[in-house]
Each structure stands twice: as C-alpha cells, then as structure tokens.
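J.: below is the sequence, then the predicted model.
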Amino acid sequence: MFNIERWQEIFEAIAKNKLRTFLTGISVASGIFILVILLGAGKGLQNGIEKQFEGDAKGIIEVWSNTTTKEYKGLNPGREIQLRNSDYNLAIQKFGGEIDKKSASLSSWRGLISYGKESGNYQFKGVNPDYVDIENATIIQGRFINNTDLIHNEKVVAIGLKVKQDLFKDADPIGKQIAINNINFKVVGVFTDPSGEREESRLYIPMTTNQRAFGAGDKIDGLHFVLEKKDNYIDALAQSKLFTEKVSTALKSKNIIAPDDESALGVYNSVERAKQFYDLNLYIRLFFWWVGICTIIAGVVGVSNIMLIIVKERTKEIGIRKALGASPVSIIGMILHESIFITTIAGFVGLLASLLLLEFVGPMIQSDYFRNPEVDFGVALSTLGILVFAGALAGFFPAYRAAQIKPIVALRDE
C-alpha cells in the first residue's frame, strides 16, 4: 500500500545524508554497470563465434585413412589403409539420403605448375563438383569442375586467386593452358576462399582426370560430406555424430579394420569442433556472471553497512515508535523500503548507462570472434530481479536488528 508519510521519511533521510547516499548509490550502480557490460561482452563473443561457424550447422564430415593399430581377423596391426573409389561409392549408396553435398579428393602436395616463363610449386587436388561448396570457396571468374569434366576425363583446372596472381599477373587466365607436372590443363575458373592465401594457393582438377593422368588408379585420400542442414545446433550435433559412427562402421567393415580401432580412420566433424568453441564461450559467460555478481555483492555490503549506521543513528526514534505501538514488521518494512529504494534507483542508473554504452559503442567493435555486443530483454529482466533482491538483502539484517531494539533501551540512547 502506498504510504506518503513513509516516502517523506525516506526523502528526508536521503536529504540529510546526500554525500553518503550518493557514494552508496555509486557502488551499486557500478556493480550493475560492470555486470551488464560483461554480459554484453559475453554475447558479443557468442555472436562472433556463431558468425565464424554458421556454416557448421550443415555438418561437414571428412574421412581419411591412417594405419591400423590392432590385430583383426588374422591381419597384423600396422597396415596402411588405402581408401578407393569403392569406399566413396559405398558411403553414397548407404547414406546418400542424409547427404547434401559430397566429394572425394586426391591431393598432390607438390605439383610443378607453369605458364609461360612463370612457374611455382602448388598443391593440386582431384575433386568432385560439390567440393567448391564444401570448401566454401567462391568462383570469381569462369566456373568450377562439373560432371561432364568427370565423365570425359577433361584436362581442365580451377585455380586459386594466389595462383592466378603468381602466374598470370593481371592477365585473364580463362581458356589459357597451364602445365601441371608437364601435363597441359585448360584454366576454366578462378576462386577465392575465406580462409585466405593458403587455400587460394591450390588448384582443383576433375577426380577422374587426376587418377588417370597421374597414375593413381582408383585411389583417393579423403571423403567429404555436407549433411542436410538442421534447424538448430543440438539436432545438427546429434545428426553429425550418428552419421560419423555409421560411416566409420561401414568403412571399417569393408577394409577389415577392428571396430574399436580408433586410429585406422581419421574423422573430422565440424559441428563437434564448433561445440568446443560454444562450450568455451559458455564458461566465459558464466565467469562474467560470477565477476558481475561479486561486484554487486560488494555494493550490497556497502548499502548494508550504511543502513546499519542509519539504524544506529535512529535508535531513539525506533524506540519511540515501538513504545507508541509500532510492530516489528512495520519497523522492518521501514528499513527495507529505504534500502530497496536506494539500491533500485542506483541500479537503474547503472543499467541505463551500460545499455547506452552497448547501444552506441558496441556496433563500433567488430572482429572475427567478437561482434555486436548486446543484452537481450531476458537479461535485463534478470538484472532487474537482482536489483530488487540486492536491495532487500542489503536492508534485511539492519532491519532485523532495528526490530529487536527494546524501547526502554532505545530511549536511554544518547
């Protein structure tokens, strides 16, 4: 119930001790300010990580072969496992309904690439047409490898921007012939890659051409899949884990590998990798909450101490109130009212200042792993609840002490 006399008492008490009330409010406001800024920074980290790994919800799975470490069906450990076209075809046949993009790969790490008088050593790969999407590359000139190139074993190549700059300078490379280990290929496309120069120092040729022109037979060294995209990260993680288990089991069975041999096949799961960053971000945000709460507790302790001083100064007044019939509950309410009012007003000032700072300064702070720090409505409500609770906590113990004062003792107080 609104009690105008109670409010008059609060404002009179504040007016008598302006500096003390101001300094107390500063401690509470700074606590809320620091908490909200830290939470906004945590959200900025989350936004940055989500931006960096937004493609991982598609579920990029890569599989490659290693050496066996366990005996199985009479075969000794230490066998080199070689993936082949039949492994790729098996995965597509069994799990094609779950796959959005697919490609095998066969890499040559040191290829002598030359055009006219220019030459250099670059990595070239035999791939399937979907590989450009799996690698998240962008064609800026011409086109990428297509199915017709695969079927007819065409000697065509898509080159990275770095290769183009090294070999062709400012000239247009499309339609030109380059030599890859002394075999001529026609340039059909130029691509860029968001990962930078390392990936742009590569060349891609049709898988069938690579195997035939360079004597690789049916060998491949990697399988690459992008799964159908799920609506949320949790479903994508569950989907990718199940898919990797099924693919590993099928390939181990085909290549006579022990089911519990974890080293014979290497598997990269982009969603699980992203999960490590999400988990790290969660721990950072929890740490920010902890630091902010501790800062608020320090402010609450200051308010509580001030309220204890106020109770001491008003001991005789409280004694008179009780002698005239004031109940302990009304005494507690009087002290709590003042404490909650001070902490709430000061907290709102800190909250408003932090939100304004995030609103105007936050968009100016942009980096790969930190972008658009913000605080959503739910967090604002949480801090509001913290304000009210902090005010009640700060005033409770002084209020309880005031309620225990005996009138006869209070009246003798000087």
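T.: Great, that's in hand. Residues are numbered from 1 along each chain as shown.
J.: contacting residues around residue 26?
T.: Residue 26 is in contact with residue 346, counting by C-beta atoms under 8 Å, 6 or more residues apart in numbering. Bear in mind the C-beta positions are built from the backbone N, C-alpha and C, glycine included.
J.: that one looks like it's in a helix, true?
T.: Yes. Judged by DSSP: H, G, I helix; E, B strand; the rest coil, residue 26 forms part of a helix.
J.: hmm, residue 178 is touching residue 167, no?
T.: Yes. Between residue 178 and residue 167 there is a contact under C-beta atoms under 8 Å: 6.7 Å.
J.: just the strands in the stretch 251-400 of the chain please.
T.: Using DSSP state E, counting those that start in this stretch, the strands of the stretch 251-400 of the chain run over residues 265-269, 366-367, 370-371.
J.: can you show me the strands along the stretch 101-250 of the chain?
T.: Counting by DSSP E, counting those that start in this stretch, the strands of the stretch 101-250 of the chain are 118-127, 138-142, 156-160, 177-180, 183-192, 202-206, 222-227.
J.: so in that sheet, which strands flank the second one, and in what orientation?
T.: Spelled out, it's strand 138-142. strand 183-192 (antiparallel) (DSSP bridges).
J.: check which residues of the strand it pairs with are buried.
T.: 185, 187, 188, 189, 190, 191, 192 (16 or more other C-beta atoms under 10 Å).
J.: residue contacts, the last one?
T.: Listed by C-beta under 8 Å, 6+ apart, the contact partners of residue 192 are 137, 138, 140, 160, 161, 200.
J.: cool, and the fifth one?
T.: If you count contacts by C-beta under 8 Å, 6+ apart, residue 190 has them with 139, 140, 141, 142, 158, 159, 160, 161, 164, 173, 174.
J.: repeat that for the first one.
T.: By C-beta under 8 Å, 6+ apart, the residues touching residue 185 are 155, 156, 157, 177, 178, 179, 205.
J.: please indicate which of the contacts of residue 192 are buried?
T.: Looks like the contacts of residue 192 have 137, 160, 161, 200 buried, using 16+ other C-beta under 10 Å.
J.: please name the nearest non-neighbouring residue to the second one.
T.: If I follow you right, that is residue 160. residue 200 (3.6 Å; C-beta to C-beta, 6 or more residues apart in numbering).
J.: helix, strand, or coil at residue 62?
T.: Assignment for residue 62 (three-state DSSP): strand.
J.: make a PyMOL selection of the buried ones in the contacts of residue 185.
T.: Per 16+ other C-beta under 10 Å, the buried members of the contacts of residue 185 correspond to this PyMOL selection:
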select buried, resi 155+156+157+178+205
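J.: any chance of the contacts of residue 185 in CSV, plus pLDDT?
T.: As requested, these are exported to CSV (pLDDT from 0 to 100):
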residue, pLDDT
155, 96
156, 96
157, 96
177, 95
178, 95
179, 95
205, 96
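J.: common neighbours of residue 178 and residue 167, please.
T.: Common neighbours of residue 178 and residue 167 (C-beta under 8 Å, 6+ apart) are 113, 114, 115, 159.
J.: neighbours around residue 98, how many?
T.: A total of 15 residues lie near residue 98 under the criterion other C-beta atoms under 10 Å.
J.: now residue 356
T.: Other residues close to residue 356 by other C-beta under 10 Å number 10.
J.: how far does stretch 287-302 sit from its chain's centre?
T.: Relative to its parent chain, stretch 287-302 has a centroid offset of 25 Å by C-alpha atoms, centre = their mean, to the nearest Å.
J.: all helices in the stretch 201-350 of the chain, in order from the N-terminus.
T.: Per DSSP state H, counting those that start in this stretch, the stretch 201-350 of the chain has helices spanning 207-213, 233-254, 270-313, 315-323, 328-361. These are given in chain order.
J.: mean pLDDT for those: which is lowest?
T.: Mean pLDDT values for these show the minimum at helix 315-323, a mean of 66.
J.: sorry, back to before: include distance to residue 70 when you put the helices of the stretch 201-350 of the chain into TSV, please.
T.: TSV is the format used below for the helices of the stretch 201-350 of the chain (distance: least, C-beta to C-beta, whole Å):
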stretch	distance to residue 70
helix 207-213	30
helix 233-254	11
helix 270-313	24
helix 315-323	80
helix 328-361	55
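J.: can you check which of those helices gets nearest to residue 42?
T.: Of all the helices of the stretch 201-350 of the chain, it is helix 270-313 that lies closest to residue 42, at 3.7 Å by C-beta to C-beta.
J.: mind listing what residue 386 touches?
T.: Neighbours of residue 386 in contact, by C-beta under 8 Å, 6+ apart: 32, 35, 293, 296, 347.
J.: could you tell me the end-to-end distance of stretch 104-124?
T.: 14 Å (C-alpha to C-alpha, to the nearest Å).
J.: got the contact list for that stretch?
T.: Contacts of stretch 104-124 (C-beta under 8 Å, 6+ apart): 85, 88, 125-128, 131, 157, 160, 163, 166-168, 173, 176-182, 201-205, 207, 210-211, 214, 216, 219-224.
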